[in-house]
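>>> Predicted model and sequence below, questions to follow.
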Amino acid sequence: MFPTLLIVDDERATREGLRSALDEEFEVYTASSNSEALAILKSEAIQLLLTDLRLGGDSGMDLIDTASKLPEPPVILMMTAYGSVDTAVEAMRRGAFHFVTKPLNIDEVEMLLKRALRSRTLETENVQLTKQVKKGASLSRLIGKSPEIKRVTDLIEQVAPTRATVLIEGESGTGKEVVANAVHHLSGRPASKLVIVNCAALSSQLLESELFGHEKGSFTGAAQKRIGRFEQADGGTLFLDEIGEIDSTTQVKLLRALSERSIERVGSNTPIKVDVRLVAATNRNLRQLVNEGKFREDLYFRLNVVAIQMPTLRERPEDIVLMANAFLREFAEENQRPVKPLTDAAIHRLVTYPWPGNVRELRTAIEHGVVMCNDDTIAPSHLPAFLDGGTTIPAPPAPAGKNTLAEPEGFNLHTLESHTIRRALAETQDNRTQAAELLGISRRTLQRKIKELAL
(Lines give C-alpha, C1' and ligand atoms only; values in the text may rest on other atoms or scores of the structure.)
Protein backbone atom coordinates (compact mmCIF):
# COMPACT_ATOMS: atom_id res chain seq x y z
CA MET A 1 0.00 0.00 0.00
CA PHE A 2 1.33 3.44 -1.00
CA PRO A 3 1.71 6.26 1.56
CA THR A 4 -1.18 8.76 1.35
CA LEU A 5 -0.38 12.32 0.22
CA LEU A 6 -2.69 15.35 0.11
CA ILE A 7 -1.60 18.20 -2.22
CA VAL A 8 -3.28 21.56 -1.57
CA ASP A 9 -2.83 24.34 -4.14
CA ASP A 10 -5.29 26.78 -5.70
CA GLU A 11 -3.60 26.41 -9.12
CA ARG A 12 -5.03 23.43 -10.99
CA ALA A 13 -1.91 23.03 -13.16
CA THR A 14 0.33 22.74 -10.09
CA ARG A 15 -1.97 20.20 -8.41
CA GLU A 16 -2.26 17.99 -11.44
CA GLY A 17 1.43 18.30 -12.32
CA LEU A 18 2.41 17.13 -8.84
CA ARG A 19 -0.17 14.33 -8.95
CA SER A 20 1.23 13.09 -12.25
CA ALA A 21 4.81 13.23 -10.99
CA LEU A 22 4.17 11.57 -7.62
CA ASP A 23 1.34 9.07 -8.16
CA GLU A 24 3.74 6.18 -8.79
CA GLU A 25 5.15 6.54 -5.23
CA PHE A 26 2.12 7.86 -3.31
CA GLU A 27 -1.65 7.57 -3.16
CA VAL A 28 -2.38 11.19 -4.08
CA TYR A 29 -5.39 13.34 -3.05
CA THR A 30 -5.77 16.97 -4.14
CA ALA A 31 -7.62 20.03 -2.85
CA SER A 32 -7.81 23.68 -3.90
CA SER A 33 -8.84 25.27 -0.56
CA ASN A 34 -8.66 24.84 3.18
CA SER A 35 -12.24 23.56 3.39
CA GLU A 36 -11.66 20.90 0.73
CA ALA A 37 -8.39 19.88 2.41
CA LEU A 38 -9.97 19.59 5.87
CA ALA A 39 -12.81 17.46 4.50
CA ILE A 40 -10.25 15.02 3.07
CA LEU A 41 -8.12 15.07 6.23
CA LYS A 42 -11.15 14.14 8.32
CA SER A 43 -12.34 11.36 6.01
CA GLU A 44 -9.05 9.78 4.91
CA ALA A 45 -5.94 8.58 6.76
CA ILE A 46 -3.56 11.14 5.25
CA GLN A 47 0.09 10.63 6.15
CA LEU A 48 1.65 13.55 4.24
CA LEU A 49 0.34 17.06 3.55
CA LEU A 50 1.98 19.28 0.90
CA THR A 51 0.32 22.69 0.92
CA ASP A 52 0.87 26.05 -0.75
CA LEU A 53 1.27 29.12 1.46
CA ARG A 54 -1.29 31.17 -0.47
CA LEU A 55 -4.56 29.47 -1.39
CA GLY A 56 -6.63 32.22 -3.00
CA GLY A 57 -8.53 33.70 -0.07
CA ASP A 58 -7.15 31.08 2.35
CA SER A 59 -3.83 30.81 4.15
CA GLY A 60 -1.70 27.70 4.19
CA MET A 61 -0.55 28.72 7.69
CA ASP A 62 -4.13 28.35 8.92
CA LEU A 63 -4.27 24.88 7.36
CA ILE A 64 -1.03 23.92 9.13
CA ASP A 65 -2.49 25.08 12.47
CA THR A 66 -5.65 23.01 12.00
CA ALA A 67 -3.96 19.91 10.57
CA SER A 68 -1.37 19.85 13.38
CA LYS A 69 -4.14 19.57 15.98
CA LEU A 70 -5.85 16.55 14.42
CA PRO A 71 -5.82 13.32 16.52
CA GLU A 72 -3.45 11.74 13.98
CA PRO A 73 -1.82 14.72 12.20
CA PRO A 74 -0.04 14.26 8.88
CA VAL A 75 3.58 15.26 8.31
CA ILE A 76 3.38 18.73 6.73
CA LEU A 77 5.53 20.35 4.03
CA MET A 78 4.86 23.92 2.82
CA MET A 79 5.54 25.23 -0.68
CA THR A 80 5.43 28.83 -1.89
CA ALA A 81 6.79 31.21 -4.50
CA TYR A 82 7.15 33.80 -1.76
CA GLY A 83 9.80 32.10 0.25
CA SER A 84 11.74 33.84 2.95
CA VAL A 85 13.62 32.76 6.03
CA ASP A 86 10.95 34.30 8.28
CA THR A 87 8.16 32.44 6.49
CA ALA A 88 10.04 29.14 6.66
CA VAL A 89 10.72 29.56 10.39
CA GLU A 90 7.08 30.44 11.08
CA ALA A 91 5.80 27.45 9.08
CA MET A 92 8.08 25.05 10.96
CA ARG A 93 7.24 26.65 14.31
CA ARG A 94 3.58 25.88 13.59
CA GLY A 95 4.32 22.25 12.83
CA ALA A 96 5.66 21.96 9.27
CA PHE A 97 8.41 19.38 8.71
CA HIS A 98 10.08 21.37 5.91
CA PHE A 99 9.66 24.24 3.46
CA VAL A 100 10.20 24.30 -0.33
CA THR A 101 10.03 27.19 -2.80
CA LYS A 102 8.58 27.39 -6.28
CA PRO A 103 9.42 26.66 -9.00
CA LEU A 104 9.55 23.16 -7.57
CA ASN A 105 12.23 20.58 -8.19
CA ILE A 106 10.20 17.36 -8.34
CA ASP A 107 13.14 15.16 -7.31
CA GLU A 108 13.74 17.38 -4.29
CA VAL A 109 10.03 17.31 -3.35
CA GLU A 110 9.89 13.51 -3.62
CA MET A 111 13.06 13.16 -1.55
CA LEU A 112 11.68 15.48 1.15
CA LEU A 113 8.36 13.63 1.24
CA LYS A 114 10.10 10.28 1.70
CA ARG A 115 12.40 11.71 4.37
CA ALA A 116 9.40 13.16 6.21
CA LEU A 117 7.63 9.79 6.06
CA ARG A 118 10.70 7.97 7.44
CA SER A 119 10.95 10.52 10.23
CA ARG A 120 7.31 9.98 11.22
CA THR A 121 7.70 6.19 11.05
CA LEU A 122 10.74 6.30 13.36
CA GLU A 123 8.94 8.67 15.73
CA THR A 124 5.89 6.38 15.88
CA GLU A 125 8.03 3.29 16.45
CA ASN A 126 9.97 5.07 19.19
CA VAL A 127 6.76 6.08 20.97
CA GLN A 128 5.41 2.53 20.73
CA LEU A 129 8.71 1.05 21.96
CA THR A 130 8.82 3.50 24.88
CA LYS A 131 5.27 2.53 25.84
CA GLN A 132 6.11 -1.17 25.64
CA VAL A 133 9.25 -0.75 27.76
CA LYS A 134 7.37 1.35 30.32
CA LYS A 135 4.51 -1.13 30.42
CA GLY A 136 6.88 -4.08 30.76
CA ALA A 137 8.84 -2.42 33.56
CA SER A 138 5.67 -1.43 35.41
CA LEU A 139 4.13 -4.90 35.27
CA SER A 140 7.34 -6.91 35.61
CA ARG A 141 6.95 -7.28 39.39
CA LEU A 142 3.58 -9.01 38.89
CA ILE A 143 5.13 -12.38 38.18
CA GLY A 144 3.00 -15.24 36.91
CA LYS A 145 1.14 -16.77 34.00
CA SER A 146 -2.00 -17.92 35.81
CA PRO A 147 -5.43 -16.68 34.68
CA GLU A 148 -5.78 -14.94 38.05
CA ILE A 149 -2.71 -12.75 37.61
CA LYS A 150 -3.53 -12.19 33.90
CA ARG A 151 -6.90 -10.81 34.99
CA VAL A 152 -5.12 -8.37 37.33
CA THR A 153 -2.67 -7.13 34.68
CA ASP A 154 -5.49 -6.69 32.14
CA LEU A 155 -7.41 -4.57 34.66
CA ILE A 156 -4.34 -2.45 35.40
CA GLU A 157 -3.78 -1.75 31.70
CA GLN A 158 -7.46 -0.85 31.26
CA VAL A 159 -7.81 1.50 34.22
CA ALA A 160 -4.32 3.05 34.58
CA PRO A 161 -4.63 5.71 31.81
CA THR A 162 -7.91 7.03 33.27
CA ARG A 163 -8.59 9.25 36.31
CA ALA A 164 -10.75 6.58 37.98
CA THR A 165 -10.18 5.83 41.66
CA VAL A 166 -8.93 2.27 42.19
CA LEU A 167 -9.61 0.04 45.20
CA ILE A 168 -7.20 -2.89 45.58
CA GLU A 169 -8.48 -5.67 47.83
CA GLY A 170 -6.77 -8.84 49.01
CA GLU A 171 -5.00 -10.61 51.83
CA SER A 172 -1.81 -9.21 53.32
CA GLY A 173 1.26 -9.96 51.25
CA THR A 174 -0.53 -10.45 47.91
CA GLY A 175 1.18 -7.48 46.23
CA LYS A 176 -1.30 -4.61 46.57
CA GLU A 177 1.46 -1.97 46.66
CA VAL A 178 2.99 -3.46 43.52
CA VAL A 179 -0.35 -2.96 41.77
CA ALA A 180 -0.57 0.64 43.04
CA ASN A 181 2.90 1.33 41.62
CA ALA A 182 1.92 -0.17 38.25
CA VAL A 183 -1.28 1.91 38.08
CA HIS A 184 0.74 5.06 38.78
CA HIS A 185 3.53 4.37 36.30
CA LEU A 186 1.07 3.55 33.49
CA SER A 187 -1.20 6.48 34.35
CA GLY A 188 0.23 9.12 32.04
CA ARG A 189 1.59 11.02 35.05
CA PRO A 190 4.55 8.84 36.08
CA ALA A 191 6.94 11.81 36.18
CA SER A 192 4.87 13.12 39.09
CA LYS A 193 5.03 11.74 42.60
CA LEU A 194 3.57 8.54 43.95
CA VAL A 195 2.89 9.41 47.59
CA ILE A 196 2.22 6.47 49.94
CA VAL A 197 0.44 6.61 53.30
CA ASN A 198 -0.07 3.60 55.57
CA CYS A 199 -3.34 4.52 57.28
CA ALA A 200 -2.98 1.78 59.92
CA ALA A 201 0.34 3.18 61.19
CA LEU A 202 -1.06 6.53 62.42
CA SER A 203 -3.54 7.66 65.06
CA SER A 204 -6.68 9.45 63.84
CA GLN A 205 -5.35 12.96 64.66
CA LEU A 206 -1.95 12.27 63.12
CA LEU A 207 -3.52 10.71 60.02
CA GLU A 208 -5.75 13.75 59.43
CA SER A 209 -2.74 16.05 59.68
CA GLU A 210 -0.66 13.69 57.53
CA LEU A 211 -3.25 13.66 54.75
CA PHE A 212 -4.47 17.26 54.73
CA GLY A 213 -1.68 19.18 56.47
CA HIS A 214 -2.11 21.72 59.25
CA GLU A 215 -1.58 25.37 60.05
CA LYS A 216 0.83 26.59 62.70
CA GLY A 217 -0.80 26.48 66.14
CA SER A 218 -3.82 24.48 64.99
CA PHE A 219 -3.26 21.98 67.82
CA THR A 220 -0.80 21.31 70.63
CA GLY A 221 2.58 20.55 69.10
CA ALA A 222 1.81 22.20 65.72
CA ALA A 223 4.85 24.48 65.88
CA GLN A 224 4.84 25.21 62.16
CA LYS A 225 2.73 24.83 59.06
CA ARG A 226 2.76 21.35 57.48
CA ILE A 227 2.00 20.44 53.87
CA GLY A 228 -0.14 17.29 53.77
CA ARG A 229 0.18 14.26 51.52
CA PHE A 230 -2.67 15.41 49.25
CA GLU A 231 -0.76 18.59 48.40
CA GLN A 232 2.50 16.65 48.03
CA ALA A 233 0.78 14.34 45.53
CA ASP A 234 -0.74 17.19 43.48
CA GLY A 235 -0.42 16.21 39.81
CA GLY A 236 0.45 12.64 40.76
CA THR A 237 -0.95 9.65 42.65
CA LEU A 238 -1.84 9.22 46.32
CA PHE A 239 -1.83 5.61 47.55
CA LEU A 240 -3.72 5.02 50.81
CA ASP A 241 -2.79 1.59 52.15
CA GLU A 242 -5.05 -0.09 54.74
CA ILE A 243 -7.89 2.33 53.99
CA GLY A 244 -10.26 0.25 56.12
CA GLU A 245 -8.50 1.47 59.29
CA ILE A 246 -9.40 5.18 59.05
CA ASP A 247 -11.81 6.65 61.60
CA SER A 248 -15.19 8.24 60.86
CA THR A 249 -13.94 11.86 61.03
CA THR A 250 -11.17 11.23 58.52
CA GLN A 251 -13.64 9.33 56.33
CA VAL A 252 -15.83 12.47 56.08
CA LYS A 253 -12.87 14.66 55.13
CA LEU A 254 -11.61 12.11 52.60
CA LEU A 255 -15.06 11.90 50.99
CA ARG A 256 -15.14 15.68 50.64
CA ALA A 257 -11.65 15.76 49.15
CA LEU A 258 -12.65 13.16 46.53
CA SER A 259 -15.97 14.86 45.76
CA GLU A 260 -14.70 18.45 45.49
CA ARG A 261 -11.08 17.77 44.48
CA SER A 262 -9.98 20.15 47.21
CA ILE A 263 -8.77 19.91 50.81
CA GLU A 264 -8.56 22.13 53.88
CA ARG A 265 -5.59 22.00 56.22
CA VAL A 266 -6.32 21.32 59.89
CA GLY A 267 -6.92 24.73 61.51
CA SER A 268 -7.90 26.43 58.24
CA ASN A 269 -11.14 27.06 56.34
CA THR A 270 -9.42 27.91 53.05
CA PRO A 271 -9.99 25.27 50.35
CA ILE A 272 -6.94 24.19 48.34
CA LYS A 273 -7.53 22.64 44.91
CA VAL A 274 -5.60 19.42 44.28
CA ASP A 275 -5.25 17.24 41.19
CA VAL A 276 -4.69 13.79 42.71
CA ARG A 277 -5.30 10.28 41.38
CA LEU A 278 -6.34 8.17 44.38
CA VAL A 279 -5.52 4.48 44.75
CA ALA A 280 -6.57 2.71 47.97
CA ALA A 281 -5.90 -0.77 49.31
CA THR A 282 -7.25 -2.92 52.10
CA ASN A 283 -7.00 -6.47 53.44
CA ARG A 284 -10.42 -6.06 55.08
CA ASN A 285 -13.85 -6.53 53.53
CA LEU A 286 -15.06 -2.94 53.12
CA ARG A 287 -18.55 -4.04 52.08
CA GLN A 288 -18.86 -5.93 55.35
CA LEU A 289 -17.56 -2.91 57.29
CA VAL A 290 -20.26 -0.80 55.61
CA ASN A 291 -22.93 -3.31 56.67
CA GLU A 292 -21.58 -3.17 60.22
CA GLY A 293 -21.73 0.65 60.26
CA LYS A 294 -17.93 0.98 60.55
CA PHE A 295 -17.30 2.48 57.11
CA ARG A 296 -19.28 5.12 55.24
CA GLU A 297 -21.21 3.71 52.30
CA ASP A 298 -20.85 6.91 50.24
CA LEU A 299 -17.07 6.82 50.69
CA TYR A 300 -17.03 3.13 49.79
CA PHE A 301 -18.77 3.92 46.48
CA ARG A 302 -16.29 6.75 45.82
CA LEU A 303 -13.35 4.43 46.38
CA ASN A 304 -14.79 1.41 44.59
CA VAL A 305 -14.98 2.91 41.07
CA VAL A 306 -12.72 0.11 39.83
CA ALA A 307 -11.94 -2.80 42.16
CA ILE A 308 -8.91 -5.04 41.68
CA GLN A 309 -9.06 -8.25 43.72
CA MET A 310 -5.60 -9.66 44.35
CA PRO A 311 -5.53 -13.48 44.31
CA THR A 312 -3.86 -15.37 47.12
CA LEU A 313 -0.86 -17.53 46.40
CA ARG A 314 -3.02 -20.56 47.21
CA GLU A 315 -5.25 -19.64 44.25
CA ARG A 316 -2.37 -19.61 41.77
CA PRO A 317 0.06 -22.36 42.78
CA GLU A 318 1.28 -22.62 39.18
CA ASP A 319 2.99 -19.23 39.69
CA ILE A 320 4.96 -20.28 42.78
CA VAL A 321 7.96 -21.74 40.94
CA LEU A 322 8.11 -18.76 38.54
CA MET A 323 8.15 -16.34 41.47
CA ALA A 324 10.62 -18.44 43.44
CA ASN A 325 13.10 -18.43 40.54
CA ALA A 326 12.70 -14.67 40.07
CA PHE A 327 13.33 -14.08 43.78
CA LEU A 328 16.34 -16.42 43.64
CA ARG A 329 17.97 -14.22 40.99
CA GLU A 330 17.06 -11.03 42.89
CA PHE A 331 18.43 -12.13 46.25
CA ALA A 332 21.50 -13.82 44.76
CA GLU A 333 22.46 -10.52 43.12
CA GLU A 334 21.60 -8.52 46.23
CA ASN A 335 23.75 -10.77 48.44
CA GLN A 336 26.49 -11.23 45.83
CA ARG A 337 25.91 -14.97 45.66
CA PRO A 338 25.77 -17.26 42.61
CA VAL A 339 22.30 -18.23 41.44
CA LYS A 340 21.67 -21.79 42.69
CA PRO A 341 18.71 -23.86 41.47
CA LEU A 342 16.05 -25.37 43.71
CA THR A 343 16.03 -29.14 44.03
CA ASP A 344 12.87 -31.06 43.13
CA ALA A 345 12.32 -31.70 46.84
CA ALA A 346 12.56 -27.97 47.61
CA ILE A 347 10.09 -27.20 44.83
CA HIS A 348 7.72 -29.80 46.24
CA ARG A 349 8.02 -28.15 49.66
CA LEU A 350 7.20 -24.74 48.16
CA VAL A 351 4.19 -25.79 46.08
CA THR A 352 2.54 -27.79 48.86
CA TYR A 353 2.85 -25.13 51.57
CA PRO A 354 -0.35 -23.02 52.01
CA TRP A 355 1.44 -19.61 52.18
CA PRO A 356 -0.78 -17.71 54.61
CA GLY A 357 1.58 -14.73 54.17
CA ASN A 358 1.32 -14.98 50.37
CA VAL A 359 4.03 -13.47 48.14
CA ARG A 360 5.70 -11.61 51.01
CA GLU A 361 6.17 -14.89 52.87
CA LEU A 362 7.51 -16.62 49.75
CA ARG A 363 10.08 -13.84 49.29
CA THR A 364 11.21 -14.34 52.89
CA ALA A 365 11.56 -18.09 52.37
CA ILE A 366 13.61 -17.71 49.19
CA GLU A 367 15.90 -15.05 50.70
CA HIS A 368 16.48 -17.39 53.65
CA GLY A 369 17.36 -20.21 51.24
CA VAL A 370 19.81 -18.05 49.26
CA VAL A 371 21.59 -16.88 52.41
CA MET A 372 21.74 -20.30 54.11
CA CYS A 373 22.78 -22.42 51.14
CA ASN A 374 26.45 -23.41 50.93
CA ASP A 375 25.85 -26.24 48.44
CA ASP A 376 25.39 -26.25 44.67
CA THR A 377 21.60 -26.44 44.95
CA ILE A 378 18.96 -25.19 47.38
CA ALA A 379 17.40 -28.14 49.20
CA PRO A 380 14.56 -28.29 51.77
CA SER A 381 17.15 -28.11 54.56
CA HIS A 382 18.12 -24.61 53.40
CA LEU A 383 14.53 -23.32 53.54
CA PRO A 384 12.95 -21.86 56.70
CA ALA A 385 11.76 -24.21 59.44
CA PHE A 386 8.14 -23.12 59.09
CA LEU A 387 8.00 -24.93 55.74
CA ASP A 388 8.88 -28.21 57.47
CA GLY A 389 6.73 -31.29 57.98
CA GLY A 390 3.33 -30.75 59.52
CA THR A 391 3.11 -27.07 58.57
CA THR A 392 2.64 -28.01 54.92
CA ILE A 393 -0.75 -28.86 53.43
CA PRO A 394 -1.75 -32.09 55.15
CA ALA A 395 -2.68 -35.12 53.09
CA PRO A 396 -6.34 -35.78 53.95
CA PRO A 397 -7.12 -39.29 55.17
CA ALA A 398 -9.00 -41.59 52.86
CA PRO A 399 -12.76 -41.43 53.58
CA ALA A 400 -14.44 -44.56 54.87
CA GLY A 401 -15.34 -47.04 52.21
CA LYS A 402 -12.96 -45.57 49.65
CA ASN A 403 -9.57 -46.74 48.48
CA THR A 404 -6.54 -44.75 49.53
CA LEU A 405 -5.03 -42.89 46.57
CA ALA A 406 -1.48 -44.00 45.92
CA GLU A 407 1.19 -41.37 46.53
CA PRO A 408 2.69 -40.10 43.25
CA GLU A 409 6.34 -40.76 42.62
CA GLY A 410 8.87 -38.02 41.93
CA PHE A 411 8.25 -34.28 42.03
CA ASN A 412 6.35 -33.50 38.83
CA LEU A 413 4.30 -30.38 39.65
CA HIS A 414 1.39 -31.32 37.36
CA THR A 415 1.14 -34.80 38.96
CA LEU A 416 1.38 -33.46 42.52
CA GLU A 417 -1.30 -30.85 41.93
CA SER A 418 -3.60 -33.40 40.32
CA HIS A 419 -3.07 -35.85 43.16
CA THR A 420 -3.75 -33.21 45.86
CA ILE A 421 -7.01 -32.14 44.22
CA ARG A 422 -8.13 -35.76 43.82
CA ARG A 423 -7.50 -36.39 47.52
CA ALA A 424 -9.44 -33.26 48.52
CA LEU A 425 -12.38 -34.38 46.36
CA ALA A 426 -12.21 -37.87 47.83
CA GLU A 427 -12.09 -36.47 51.38
CA THR A 428 -15.21 -34.35 50.77
CA GLN A 429 -17.02 -37.06 48.79
CA ASP A 430 -16.82 -34.89 45.66
CA ASN A 431 -18.32 -31.80 47.33
CA ARG A 432 -16.47 -29.14 45.37
CA THR A 433 -17.30 -26.27 47.72
CA GLN A 434 -15.84 -28.16 50.68
CA ALA A 435 -12.89 -29.37 48.61
CA ALA A 436 -12.07 -25.78 47.62
CA GLU A 437 -12.16 -24.74 51.27
CA LEU A 438 -9.89 -27.65 52.19
CA LEU A 439 -7.40 -26.62 49.49
CA GLY A 440 -7.60 -22.94 50.43
CA ILE A 441 -8.72 -21.81 46.96
CA SER A 442 -11.96 -20.49 45.52
CA ARG A 443 -14.57 -22.85 44.06
CA ARG A 444 -14.12 -21.14 40.67
CA THR A 445 -10.38 -21.84 40.76
CA LEU A 446 -11.04 -25.47 41.70
CA GLN A 447 -13.51 -25.85 38.79
CA ARG A 448 -10.92 -24.44 36.39
CA LYS A 449 -8.19 -26.77 37.63
CA ILE A 450 -10.45 -29.81 37.42
CA LYS A 451 -11.05 -28.92 33.79
CA GLU A 452 -7.38 -28.18 33.04
CA LEU A 453 -6.17 -31.38 34.67
CA ALA A 454 -9.01 -33.42 33.12
CA LEU A 455 -9.98 -34.88 36.51
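Sure, I can see it. Residues are numbered from 1 along each chain as shown.
>>> quick one: what helix or strand has residue 30 in it?
Assigned by DSSP states H and E, residue 30 belongs to strand 27-31.
>>> so the helix or strand following that strand versus strand 27-31, what angle?
Note on strand 27-31: by DSSP H and E, the next helix or strand toward the C-terminus is helix 34-43. Going by axes from the mean of the first three to the mean of the last three CA atoms, to 10 degrees, helix 34-43 is angled at 140 degrees with respect to strand 27-31.
>>> List the buried residues of helix 34-43.
Residues of helix 34-43 classed as buried by neighbour count (16 or more other CB atoms under 10 Å): 34, 36, 37, 38, 40, 41. For the C-beta atoms, the positions are set from N, CA and C on the backbone; glycine is no exception.
>>> So for that helix, mean pLDDT?
Mean pLDDT, computed over helix 34-43, is 90.
>>> next one: the next helix or strand after it to chain centre, how far?
Downstream of helix 34-43, the first helix or strand assigned by DSSP H and E is strand 48-52. Taking CA atoms, centre = their mean, to the nearest Å, the mean C-alpha location of strand 48-52 is offset from the chain mean by 39 Å.
>>> Strand 48-52 - contacts with which helices or strands?
strand 4-8, helix 34-43, helix 60-68, strand 75-80, helix 106-139 (3 or more CB pairs under 8 Å, 6 or more residues apart in numbering; DSSP states H and E).
>>> Kindly recompute the last result at 7 Å.
On a contact count with 3 or more CB pairs under 7 Å, 6 or more residues apart in numbering; DSSP states H and E, strand 48-52 meets strand 4-8, helix 60-68, strand 75-80, helix 106-139.
>>> in the next helix or strand after the shortest one, what counts as buried?
Read it as strand 4-8. Where DSSP H and E defines the elements, the next helix or strand beyond strand 4-8 is helix 12-22. In terms of neighbour count (16+ other CB under 10 Å), helix 12-22 has its buried residues at 14, 15, 18, 21, 22.
>>> Tabulate the residues you listed (CSV), appending pLDDT and distance to residue 386.
What follows is those, written out as CSV (pLDDT from 0 to 100; distance: CB to CB, whole Å):
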residue, pLDDT, distance to residue 386
14, 88, 82
15, 87, 80
18, 91, 78
21, 89, 79
22, 90, 74
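>>> Can you tell me which of the residues you listed lies closest to residue 421?
residue 22 (67.0 Å; CB to CB).
>>> for this structure, what spans make up the strands?
4-8, 27-31, 48-52, 54-55, 58-59, 75-80, 96-101, 166-169, 194-198, 237-241, 262-263, 272-273, 277-282, 306-309 (DSSP state E).
>>> and these as CSV, adding distance to residue 90 and mean neighbour count?
Listed next are those as CSV, based on distance: least, CB to CB, whole Å; neighbours: other CB atoms under 10 Å:
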stretch, distance to residue 90, mean neighbour count
strand 4-8, 18, 24
strand 27-31, 22, 20
strand 48-52, 14, 27
strand 54-55, 14, 18
strand 58-59, 11, 17
strand 75-80, 10, 24
strand 96-101, 9, 19
strand 166-169, 45, 24
strand 194-198, 41, 19
strand 237-241, 40, 24
strand 262-263, 42, 18
strand 272-273, 37, 14
strand 277-282, 38, 25
strand 306-309, 46, 16
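>>> mind putting those strands in JSON lines, distance to residue 385 and mean pLDDT included?
Below are the strands of the chain laid out as JSON lines (distance: least, CB to CB, whole Å; pLDDT from 0 to 100):
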{"stretch": "strand 4-8", "distance to residue 385": "69", "mean pLDDT": "92"}
{"stretch": "strand 27-31", "distance to residue 385": "72", "mean pLDDT": "92"}
{"stretch": "strand 48-52", "distance to residue 385": "69", "mean pLDDT": "90"}
{"stretch": "strand 54-55", "distance to residue 385": "82", "mean pLDDT": "80"}
{"stretch": "strand 58-59", "distance to residue 385": "80", "mean pLDDT": "82"}
{"stretch": "strand 75-80", "distance to residue 385": "66", "mean pLDDT": "85"}
{"stretch": "strand 96-101", "distance to residue 385": "68", "mean pLDDT": "80"}
{"stretch": "strand 166-169", "distance to residue 385": "32", "mean pLDDT": "96"}
{"stretch": "strand 194-198", "distance to residue 385": "29", "mean pLDDT": "92"}
{"stretch": "strand 237-241", "distance to residue 385": "30", "mean pLDDT": "94"}
{"stretch": "strand 262-263", "distance to residue 385": "48", "mean pLDDT": "92"}
{"stretch": "strand 272-273", "distance to residue 385": "52", "mean pLDDT": "93"}
{"stretch": "strand 277-282", "distance to residue 385": "31", "mean pLDDT": "95"}
{"stretch": "strand 306-309", "distance to residue 385": "32", "mean pLDDT": "96"}
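>>> got the ones you listed as CSV, with distance to residue 152 columns?
Below are these laid out as CSV (distance: least, CB to CB, whole Å):
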stretch, distance to residue 152
strand 4-8, 40
strand 27-31, 44
strand 48-52, 42
strand 54-55, 54
strand 58-59, 52
strand 75-80, 39
strand 96-101, 42
strand 166-169, 9
strand 194-198, 18
strand 237-241, 16
strand 262-263, 31
strand 272-273, 33
strand 277-282, 13
strand 306-309, 6
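>>> Now tell me which helix or strand of this structure has the poorest mean pLDDT.
helix 106-139 (a mean of 66; mean pLDDT, DSSP states H and E).
>>> coming back round to it: closest to residue 252 out of the strands of the chain?
Per CB to CB, nearest to residue 252 of the strands of the chain: strand 262-263, 12.4 Å.
>>> Quick one: residues in contact with the closest one.
212, 228, 230, 257, 271, 272, 273, 274 (CB atoms under 7 Å, 6 or more residues apart in numbering).
>>> Considering the residues you listed, which is situated nearest to residue 64?
For the contacts of strand 262-263, the residue nearest residue 64 by CB to CB is residue 273; the value is 35.5 Å.
>>> Quickly list what that closest one is bridged to.
residue 262 (DSSP bridges).
>>> Please verify my assumption that it contacts residue 261.
Yes - using CB atoms under 7 Å, residue 273 is in contact with residue 261, at 6.4 Å.
>>> thinking again about what came up before, can you redo the buried residues of helix 34-43 as CSV with distance to residue 201?
Converted to CSV, those look like this (distance: CB to CB, whole Å):
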residue, distance to residue 201
34, 61
36, 65
37, 61
38, 58
40, 61
41, 56
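>>> from those, which single one is nearest residue 61?
Distances from residue 61 to these, taken by CB to CB, are shortest for residue 34, at 10.3 Å.
>>> can you tell me how far the residue nearest to that closest one when sequence neighbours are not counted sits from residue 377?
Leaving aside its sequence neighbours, residue 34 sits nearest to residue 58 (CB to CB, 6 or more residues apart in numbering; 4.3 Å). According to CB to CB, to the nearest Å, residue 58 and residue 377 sit 77 Å apart.
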